[in-house]
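Chemist: I would like the atomic coordinates for the input below:
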Amino acid sequence: MSSTLAIEAIDSTTPSRISARRFGLLFIALAVSACALAGLAPLGFSIVTVFLFAGPHNWMEARFFLS
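Modeler: Model prediction:
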């Protein structure tokens, strides 16, 4: 009986993990929404994407060159 309580206690304290099916559905939803944004506003979406990813990259390059 004590071993069952110990297993239940371990199960209740472990963090929940996302299932493979949920991960796949979220990935597909992200890909479809990115395609829709690129189709509806290609220039705006590309500008936002460049600024979103180039900003952190440029900061890392600046840190590298300054050191």
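Chemist: quick one: secondary structure of Ile18?
Modeler: The three-state label given to Ile18 by DSSP: H, G, I helix; E, B strand; the rest coil is coil.
Chemist: biggest helix in the protein by residues?
Modeler: Within the chain, and with DSSP state H defining each element, the longest helix by residue count is helix 42-66.
Chemist: buried stuff in it?
Modeler: Going by neighbour count (16 or more other C-beta atoms under 10 Å), nothing in helix 42-66 comes out as buried. C-beta: built from backbone N, CA, C; applies to glycine.
Chemist: which strands or helices does it pack on?
Modeler: helix 20-40 (3 or more C-beta pairs under 8 Å, 6 or more residues apart in numbering; DSSP states H and E).
Chemist: chain center to the longest helix of the chain: distance?
Modeler: Helix 42-66 has its average C-alpha position 18 Å from the chain's average C-alpha position, going by C-alpha atoms, centre = their mean, to the nearest Å.
Chemist: tell me what angle that helix forms with helix 20-40.
Modeler: Comparing the axes of helix 42-66 and helix 20-40 via axes from the mean of the first three to the mean of the last three C-alpha atoms, to 10 degrees yields an angle of 110 degrees.
Chemist: who's in contact with helix 42-66?
Modeler: Residues from elsewhere that reach helix 42-66, judged by C-beta atoms under 8 Å, 6 or more residues apart in numbering: 37-38.
Chemist: any idea of the mean pLDDT in that helix?
Modeler: When the per-residue pLDDT values of helix 42-66 are averaged, the result is 87.
Chemist: so who does the residue most central in space within the chain touch?
Modeler: Here the mean C-alpha position of the chain is nearest to the C-alpha of Phe27 (C-alpha atoms, centre = their mean), at a distance of 9.0 Å. Going by C-beta under 8 Å, 6+ apart, Phe27 touches no other residue.
Chemist: look at it and report its pLDDT.
Modeler: According to the prediction, Phe27 has pLDDT 95.
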